[in-house]
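A.B. asks: Please work out how this folds:
(chains A and B)
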Number of protein chains: 2
Amino acid sequence: MINLYLCLSLNKNLTKTVPKMAEKITKRATDYSQWYLDIVKIADLAEHSDVKGCMIIKPYGYAIWEKMKEELDRRFKETGHSNAYFPLFIPKSYLSKEASHVEGFAKECAVVTHYRLKVDENGGGIVVDPDAKLAEELIVRPTSETIIWSSYKKWIQSYRDLPILINQWANVVRWEMRTRLFLRTAEFLWQEGHTAHATKKEAIEETERMLDVYAEFAEKHMAMPVVKGIKSENERFAGADETYCIEAMMQDGKALQAGTSHFLGQNFAKAFEVKFADKEGKQDYVWATSWGVSTRLMGALIMTHSDDLGLVLPPKLAPIHVAVVPIFNNDDQLNQIREKTAALISELRAKGLSVKFDDDDQKRPGWKFAEYEAKGVPVRIAVGMRDLENNQVEVARRDTQEKKTYALAGLTDTISALLDDIQKNLFDKAIQMRDAFIKKVDSYDEFKKRVEQEGGFFLVHWDGTKETEEKIKTDTKATIRCIPLNAPEENGACMVTGKPSKRRVLIAKAY
Amino acid sequence: MINLYLCLSLNKNLTKTVPKMAEKITKRATDYSQWYLDIVKIADLAEHSDVKGCMIIKPYGYAIWEKMKEELDRRFKETGHSNAYFPLFIPKSYLSKEASHVEGFAKECAVVTHYRLKVDENGGGIVVDPDAKLAEELIVRPTSETIIWSSYKKWIQSYRDLPILINQWANVVRWEMRTRLFLRTAEFLWQEGHTAHATKKEAIEETERMLDVYAEFAEKHMAMPVVKGIKSENERFAGADETYCIEAMMQDGKALQAGTSHFLGQNFAKAFEVKFADKEGKQDYVWATSWGVSTRLMGALIMTHSDDLGLVLPPKLAPIHVAVVPIFNNDDQLNQIREKTAALISELRAKGLSVKFDDDDQKRPGWKFAEYEAKGVPVRIAVGMRDLENNQVEVARRDTQEKKTYALAGLTDTISALLDDIQKNLFDKAIQMRDAFIKKVDSYDEFKKRVEQEGGFFLVHWDGTKETEEKIKTDTKATIRCIPLNAPEENGACMVTGKPSKRRVLIAKAY
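C.D. replies: Got it, this is the predicted structure:
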C-alpha cells in the first residue's frame, strides 16, 4: 500500500477539496473495483451527491471533461454539425410513439407529475400542491429522439431542408439503482447528435462518419484503442435499425462501450410523421441517425491508463501539463528559482501548455510529488538550489516514472517532445494491453473457463441467433460486444450450437 | 412592412430551418412585443416546444449563446474560478433549509415524484408505476445553492479549504405560466457561480468582482450599457443579504435585469451547518456568494440593437461576421468571383473572422441580402462582374445600412476596422438611447404620468420603505431597479411620502 499524504493543494481552484488526511490506493491486483473508486477519490474527480444515483463532478474531473468536450465539439463542427438545445422534459405520450423505443426507455426514468409546492396547512412543512398536478406527466429526457423528431416534423417539408445536422450537449437521466461514479449514474452529461437525411445511403454514411469521429477521438486524444463494430440485434439501441459502436478494453479484462452511433432508418420519421418532398415532389419519410458519448468516457479514461500510484492522463486531456516544484528553504531561494524558471514557464505557456508553479510553502516537496502523481500530471519538474547552480532541473514523467536531469537551456522543446512521447507511449501500452487480451476460441468449454479466469475479448463464431446470445449471457455474463467492422470472412461453427457462422464476433464481460 | 422572401439558406447547418415563405416583421413603433417575437422567428433563434414553457434554442440562436458562454467562461477562469457540475435534482427538504430561500423558490417548480413507468395492464398505454413512488420528492433545480452547500459542508473544514470558487453551466427550471422566448421560460440555460470565503470582506469583494465581470461583458461584448447597482430588500434574491445587479434599458423604455451577483452572508452556511476553523482554530460559519446570467441575455441582446429589418448583432457575438454574396449568371462567372475573392476570404479567416461565401444558385442576391440583414450579419460584401473588372467590391454594414465601394486591395484591414467600428457604434448608439431614457423626477404625479407615457429609467428619491415601494408598484407597475453604485449623495424628499432620502434610486417598468 502506498500512503500519500495529501495535505497539499495542487491549485487553489482545482483542488481545494482534496482530502487532507493520509489516503491510500487499493492495488489493482487486490481489488480492481475499489482501486477505481480510490483513483476517482484521490484524484478528486467526482463524488456521490446526497441525491441517490446523481454524482458531483468536481473541478479537476470537470476540467478533464471540458477538454474532451472541446475536442469533440471541434470535430463535430468540422464535420458540418451545429449545436442546438431542446427541452429537458418529454411528454409521456411522446416516448410511446416509437414502439421499440418506449420498451427501451420508458422503464426507469424520472417522472415529473406536479409543478408546485406549498406550505402544508397542518404544519407538515413544504408539500407537493395536489392542485398543481400536470394533465400529462413529463419525463426527464433519457435521450431526446422523440422531442427532437417532434420538432423536425415542423422543420422539414422538402429535400431543401435536408440534411439537418444538429448536436446537443445536455444532461440526461436514466434511473439506476446500482451506480458507479462516471460509469453508471442516474444523471449524466453527454452529447447527442440527431441528424435527418433525404436518403438511406446518406444516413448510413453519417452514422459511419460519426463512429469514425469517436474512434479517432478515443485513439488520438484519450490514447485509448477501440474496436469499431456493429451491435447484435439484442444490444441495439431501442429504435435503431443498426447500432455501431466503439469498444475499449480495460486493464481488468472487461470491455467498455465508449460510444455509439445509430442508423435509425425511418423509424422516428414514421413515428412522428416526418415526410419530405424530393426534387420530383414525391413524398418520402426522412432517414435518421443519432450518436452519443457521455461522461462514461471519464471512467474509460481512468481505467485505461491509471496505475497503483494514481491517475495517469494522456497529455492531450490533462488540465495541467507540467507541474514545477521548487525546492527551497526560504523566500530568497524561492525567488531565485522563480526567476531562473520564469523563461521556461512562459515559453511552455506560449506553446499552449498549462504549467503550474507550486510555491506553496506549507507542503513538503515529497507531498507535492505524490499529489501530482495522484492527479496524473504528465510531467513534473523539480528545481533545487544545486540545480540552479548547474543550470539544470530534474524532469519526471508520470507514465513511466522515469526521472532525468536536463539542462535548462532548450528545455521547452524537450518538454514538448516529452509530452508527445507520453501521449504515444500511453497509446502503445494500451494497444499492447488490449491486444494481449484478444484471443480466438472455438470451444464453448474453453470460452467459459477463460472468460471467467482471464477476461478479455474473445473472437468466437456465433450462429447469429438471439437464443445463443442469451445462453452465453446467462452462462457467463459475457455479451456480444460487436461484430467488428474489419472482421474477415471466415467460415466456422458456432462455439455453442455448432451451426455455421461466416465471421467471428467479439465477446466479453463488460462495464 | 418589409416582405422578406426567405427561401434561402444562409448556411446548411445554421439555417436549414428558416421558414420558406414570405415573412414580415412588425415595426417596433406598431407593436414592440410582436416585433420582438418576429425577430426571434425571422432570425431563426428559438421557438416554443411542445412542452409548455420550454423553448428550443435553434442552431443560429445557440451559436450566439455559445459565443456568450465562451467569453464569460474565459472571464470566470481569468478571475480564478473553475467549473464543476452538481445534480439536477434537489431533495425537497433541502429547499426548506434556508427560510427565505424556500419562500422564493419552492413555489413554482417541477416536482419528480416517481422513477418508473409501466405498461398499463388495462390497455391504457404507458402509465406511471405507482410502486415507484419516491420516498422524498425531488425538485428540478430552480437554482443550486442548497444542493451545492450540502456538498460544501463536506469539503470545508479549515481556512485552508477556502476560498472555493466554483461555477456551473446548467439548465434550471422555474415553472412559468406566461412565457416569452429567451426572456421568461420554464427551462432556461445559465451559469451559476457559488463561492465560499473565510471573511465577509472577501465575499463582498467577490460579489462586486463578478458584478464587474458581468458589466464589462455586457458593455464590451454585447455592446449593451448597464447600470450597476444594489437591489432594494424587496427585490433581493431569496436568501441573500445583498443583491447586486446590472440593469439595461431596452428600446421600448423598459428595463431588463441582465445579471445578478448575490452576497449571501452566512445564511446558507448556517442553514447547512458549514463551519471552518480559522488560523487560530476558532470555528466560524463560512461566507458565501452566488451570481448568474442566463439565456435571458439573448433577449436583452436582441432588444438592445435590432431594428425593423431584423436582428442586429455586435460583431463580437456574431456567428458569421462577413457574408460574401457573389452576383453571377453562370458557373464561369461564379468561379471568377470565387478566385478573385479567395485571398480576401482566407485573410479574414486568418484573423479569426467567420466568413460565409454564399454560392447558392437557387436564390437571388436580393433575397440573400434580406436574409443576412434579418440575421444580423454585421458586414455583407457583394461582388458582381463589373466589380471584378474594377478590382472592387460593395461593402454594406448592417448597423447603419451604409453601402460603400472599396478596392479589393487592402480590404482585409478595412473590414477588420469596420467590424471594430460597428461594435463601437452599436455601443455608442445604445448609450445615447439609454441616456435619453434617464430622467430625474421629483413629483409623484409627474412620475406616474411619464412612466406610463414615456417609459425609461427614473431617478427619484425614495424613503427606503417597503410600503412606498409596494405602492409605486401597485400604482404604476414600475419597480425599483436598483440603487446605483455610483449614485451621489443628495438630500431629497421621497416623491411619494415626502420623507427624507439620501440618494436617488432607479425606477422603471421592467421585463
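
A.B. asks: Where do the domain boundaries of chain A fall?
C.D. replies: A:83-297, A:315-431, A:438-508 (automatic domain parsing).

A.B. asks: which of these is buried the deepest?
C.D. replies: Across the domains of chain A, averaging neighbours per residue (mean count of other Cβ atoms under 10 Å in any protein chain shown) puts domain A:83-297 on top, at a mean of 21. (C-beta placed from N, C-alpha, C; glycine too.)

A.B. asks: Out of the domains of chain A, flag the one nearest B:Ile57.
C.D. replies: domain A:83-297 (4.1 Å; Cβ to Cβ).

A.B. asks: quick one: terminal-to-terminal distance for the closest one?
C.D. replies: 20 Å (Cα to Cα, to the nearest Å).

A.B. asks: now swap in stretch A:120-133 and tell me
C.D. replies: So stretch A:120-133: terminal residues 16 Å apart, Cα to Cα.

A.B. asks: Can you give the contact residues for it?
C.D. replies: A:113-119, B:92-93, B:95-96, B:102, B:106, B:111, B:113, B:137 (Cβ atoms under 8 Å, 6 or more residues apart in numbering or on different chains).

A.B. asks: Please compute how far it lies from its chain's middle.
C.D. replies: A distance of 41 Å separates the centroid of the chain from that of stretch A:120-133, by Cα atoms, centre = their mean, to the nearest Å.

A.B. asks: got it, and stretch A:388-401?
C.D. replies: 32 Å.

A.B. asks: With stretch A:198-214 instead?
C.D. replies: 21 Å.

A.B. asks: Over to stretch A:100-114?
C.D. replies: Worked out by Cα atoms, centre = their mean, stretch A:100-114 lies 24 Å from the chain centre.

A.B. asks: Is it positioned near chain B?
C.D. replies: Yes: contact of stretch A:100-114 with chain B is found when judged by Cβ under 8 Å from any Cβ of the partner chain, involving A:102, A:106-114.

A.B. asks: Which members of these occur in strands, if any?
C.D. replies: Per DSSP state E, strands hold the following members of the residues of stretch A:100-114 next to chain B: A:108-114.

A.B. asks: Report the contact partners of the residue in the stretch 201-350 of chain A that chain B sits nearest to.
C.D. replies: In the stretch 201-350 of chain A, the residue found nearest to chain B is A:Thr295; the distance is 8.6 Å by Cβ to the nearest Cβ. Contacts for A:Thr295 (Cβ under 8 Å, 6+ apart) come out as A:57, A:65, A:182, A:185, A:188-190.

A.B. asks: that older thread, where is pLDDT lowest across the ones in strands among the residues of stretch A:100-114 next to chain B?
C.D. replies: pLDDT across those is lowest for A:Glu108, at 89.

A.B. asks: Skipping its backbone neighbours, what lies nearest that one in space?
C.D. replies: A:Trp175 (3.8 Å; Cβ to Cβ, 6 or more residues apart in numbering or on different chains).

A.B. asks: Check A:Leu485 too.
C.D. replies: Excluding its sequence neighbours, the residue lying closest to A:Leu485 (Cβ to Cβ, 6+ apart) is A:Lys228, at 4.7 Å.

A.B. asks: Show me what the host helix or strand of A:Val451 is packed against.
C.D. replies: Per DSSP states H and E, A:Val451 falls inside helix A:444-453. If you count contacts as 3 or more Cβ pairs under 8 Å, 6 or more residues apart in numbering or on different chains; DSSP states H and E, helix A:444-453 packs onto strand A:457-461, helix A:466-476, strand A:504-508.

A.B. asks: so which of those gets nearest A:Asp252?
C.D. replies: strand A:504-508 (11.0 Å).

A.B. asks: quick check: angle from the closest one to helix A:466-476?
C.D. replies: Counting by axes from the mean of the first three to the mean of the last three Cα atoms, to 10 degrees, strand A:504-508 lies at 30 degrees to helix A:466-476.

A.B. asks: So what are the sheet partners of strand A:504-508 and their directions?
C.D. replies: Its sheet considered, strand A:504-508 pairs with strand A:457-461 (antiparallel), strand A:479-484 (antiparallel) by DSSP bridges.

A.B. asks: Is it possible to get a markdown table of the ones you listed that adds mean pLDDT?
C.D. replies: What follows is the strands paired with strand A:504-508, written out as a markdown table (pLDDT from 0 to 100):
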| stretch | mean pLDDT |
| --- | --- |
| strand A:457-461 | 98 |
| strand A:479-484 | 97 |
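
A.B. asks: how about these, which one is nearest B:Trp462?
C.D. replies: Proximity to B:Trp462 (Cβ to Cβ) singles out strand A:479-484 among those, at 69.3 Å.

A.B. asks: next helix or strand past the closest one?
C.D. replies: Next in sequence after strand A:479-484, counting helices and strands by DSSP H and E, comes strand A:492-493.

A.B. asks: Quick one: mean pLDDT over that next one.
C.D. replies: 97.

A.B. asks: what do you get for stretch A:327-336?
C.D. replies: Rounded mean pLDDT across stretch A:327-336 is 96.

A.B. asks: Fine by me, thanks again.
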